[in-house]
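>>> Everything below, folded, please.
(chains A and B)
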Amino acid sequence: MLKLERVSKTFHPGTIHEKRALQELELHLAPGEFVTVIGGNGAGKSTLLNAVAGVWPVDSGKILIDSVDVTALPEHKRAAFIGRVFQDPMMGTAPNMQIEENLALAMRRGKKRGLRWGVTKAEREEYHERLKTLGLGLENRMEDKVGLLSGGQRQALTLLMAALQRPKLLLLDEHTAALDPATAGKVLELSDQIVAENQLTALMITHNMRDALTHGNRIIMMHAGRIILDISGEEKKKLTKKDLLDRFAALSGVQEETDEVLLS
Amino acid sequence: MYLGVFIGSLSLANLISRMPAAVAQGFIWGMMALGVYITFRLLDVADLSVDGSFATGGAVTVMLILAGWSAWAALLAAVAVGVVCGLCTGLLHTKLGIPAILAGILTQFALYSINLRIMTKANQTASIKKFGMVWEEGHKGFLLSSLYVPQAILTGLLLTAMLVALLYWYFGTEQGSALRATGANPHMSRAQGINVGNMKLIGLALSNGVVALSGGLMTQFQGTADVNMGRGAIVIGLAAIIIGEVLCDALFTKGANFAVRLCFVALGGIAYYIVMVVILWLRLDPNDLKLFTALIVAVFLAVPYLQGQRRPAVAQARRGGKEG
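Just a heads-up that it's a prediction; the model follows:
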């Protein structure tokens, strides 16, 4: 579903701040794979997601989504294939627009926006049903501005928006990092539910190793702009936190046996 | 003592007699404020090109009327030219990466020369008879002229109502919603597949079209266009928006829908002009008007910011007080 071929990206090339964020990265996601991405600060996790989303062009390499070469497509055109939830709950929604207006915007992802009315009556009923599945009571607040919602409610809504128009790929960029533990748990549960219901292919960055182990069906670990570990299937199910730390130390050459490298 | 004499010298009858003309002209400023509202509030861009496009609207209108065009046709042409002005600013901003505020200043600056070219000199006057949108003997029908104030108020009201209806409809459509989303959250908009650059282009074009329309109407109202007529239009627009929003929030404490908000922005234009007339009636120096306007706008723009700054500090102080 997603294919990255020798993708490289260097920030601030030729300066003292030069940062080789992705180095000839190779990644292939089969349809229905739900991949959790872990790695230390600056490992290139967010850069990987931004490269796929098209936030900026990559320096070299190819990105294919469902066999379509999207390497040269700008962010808003790639959005036709991709649903996204960001780390900052403020980033995924328009705060001064209504819940139903935000959903209507997401409903038209990848479609032409013309001079038809922005939210139709039939859509409203669909949104009502979809919002019910979140179990947050938002279906009774459809005309409320999103700015009135809490961070967790916003992330739940953003998740729903990302899947409203079934994406070929779902990108979750540490989307629970800014939430309190209870809310984060609830949003992760919703993420699982939405991925399962829509049979989505997903990439989820997390700073929490337990979450990385308990969610998804494949785990990749990044270090210095490369994927240094890639485990899926039965092997992933048996994987423990200690295994991960040991293998991280062995593979990255970083001896520090603490969570911090991976957790940060 | 002096104050008593001063107040005694003011004639309330004089003020009242000035009101209808103030309202008529206020409608025109209200329409301009609606144009500014599109960029300032919906697109979150302070577009300074309006100072130029307002005068461009006036220049195009007066020259076409002098050339024998009907008042309506001249206005439509003014709108089209205004749209082009907005596109210039938009292209400078979105395609050439010039910050929006600077792009607006460049367009405004260039338009000064262009307006002089259009008018061939600093100002142009046309006979009032030619300005009637529908001229009938006995001065009935739609007419926007300072010489026929009741008709001007009616025409202003109808045009404003049409403009509000049009904007309400457009910003409710899929494209209009995408434009509002662009102003509200460009990150989210891109992630939802909205071409943010194009939305900015459309918004700036639309805004300047509306502003040029009001410039054309002002020219019809005054019977003349002047190369300096748009000076400070952006500030007047902001003042009208702010006055309108304050009134709206005061009357609709639970929040008002979009159509009501647009009406209040237009009302803000009228209120602004009435305040100006009152200031003149108080015999304050007209040269100070712009200073007053700027001060009022600065204060009202600062209030939400200062409130935001103060709130946590106050909350902390309260908590601290309780603990102590």
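>>> Now do the contacts for whichever residue of the stretch 151-264 of chain A sits closest to chain B.
Evaluated by C-beta to the nearest C-beta, the stretch 151-264 of chain A has residue A:161 as its residue closest to chain B, separated by 7.5 Å. Every C-beta, even on glycine, is put in place using the N, C-alpha and C of the backbone. Residues near residue A:161 by C-beta atoms under 8 Å, 6 or more residues apart in numbering or on different chains: A:83, A:92-93, A:102-103, A:105-106, B:192.
>>> Recalculate using a threshold of 6 Å.
Contacts for residue A:161 (C-beta atoms under 6 Å, 6 or more residues apart in numbering or on different chains) come out as residue A:106.
>>> which element is the spatially most central residue of chain A on?
Centroid-nearest residue in chain A, with C-alpha atoms, centre = their mean: residue A:172, separated by 1.6 Å. Assigned by DSSP states H and E, residue A:172 falls within strand A:169-173.
>>> quick one: contacts of that strand?
A:2, A:46, A:49, A:65, A:82-87, A:162, A:200-205.
>>> Sort out for me which of those residues are in helices.
Counting by DSSP state H, the contacts of strand A:169-173 place A:46, A:49, A:162 in helices.
>>> burial count for the second one?
Same thing as residue A:49. For residue A:49, the neighbour count with other C-beta atoms under 10 Å in any protein chain shown is 21.
>>> For it, which residues are in contact?
Neighbour list for residue A:49: A:171, A:173 [criterion: C-beta under 6 Å, 6+ apart].
>>> now swap in the last one and tell me
The contact partners of residue A:162, by C-beta under 6 Å, 6+ apart, come to A:83-85, A:170.
>>> For residue A:119, state which of these is nearest.
Proximity of these to residue A:119 (C-beta to C-beta) peaks at residue A:83, which lies at 19.6 Å.
>>> how about the nearest residue to that closest one, chain neighbours excluded?
Closest residue to residue A:83 apart from its sequence neighbours, by C-beta to C-beta, 6 or more residues apart in numbering or on different chains: residue A:162 at 3.0 Å.
>>> do residue A:5 as well
The nearest residue in space to residue A:5 (C-beta to C-beta, 6+ apart) is residue A:62, at 4.3 Å.
>>> so which strand or helix has the one you found?
Going by DSSP H and E, residue A:62 is part of strand A:60-65.
>>> outside of that strand, which residues touch it?
A:2-8, A:70-71, A:81, A:168-169.
>>> In chain A, what residue spans correspond to helices?
Under DSSP H, chain A gives helices at A:45-53, A:75-78, A:99-107, A:121-132, A:151-164, A:181-198, A:209-214, A:233-238, A:241-252, A:260-263.
>>> With mean pLDDT and distance to residue B:144 added, can I get the ones you listed in TSV?
Below are these laid out as TSV (pLDDT from 0 to 100; distance: least, C-beta to C-beta, whole Å):
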stretch	mean pLDDT	distance to residue B:144
helix A:45-53	96	51
helix A:75-78	96	42
helix A:99-107	97	36
helix A:121-132	95	40
helix A:151-164	96	46
helix A:181-198	94	56
helix A:209-214	92	66
helix A:233-238	89	74
helix A:241-252	84	75
helix A:260-263	53	68
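>>> Turn these into JSON lines, columns for distance to residue B:89.
Below are those laid out as JSON lines (distance: least, C-beta to C-beta, whole Å):
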{"stretch": "helix A:45-53", "distance to residue B:89": "29"}
{"stretch": "helix A:75-78", "distance to residue B:89": "21"}
{"stretch": "helix A:99-107", "distance to residue B:89": "25"}
{"stretch": "helix A:121-132", "distance to residue B:89": "35"}
{"stretch": "helix A:151-164", "distance to residue B:89": "32"}
{"stretch": "helix A:181-198", "distance to residue B:89": "41"}
{"stretch": "helix A:209-214", "distance to residue B:89": "47"}
{"stretch": "helix A:233-238", "distance to residue B:89": "54"}
{"stretch": "helix A:241-252", "distance to residue B:89": "51"}
{"stretch": "helix A:260-263", "distance to residue B:89": "47"}
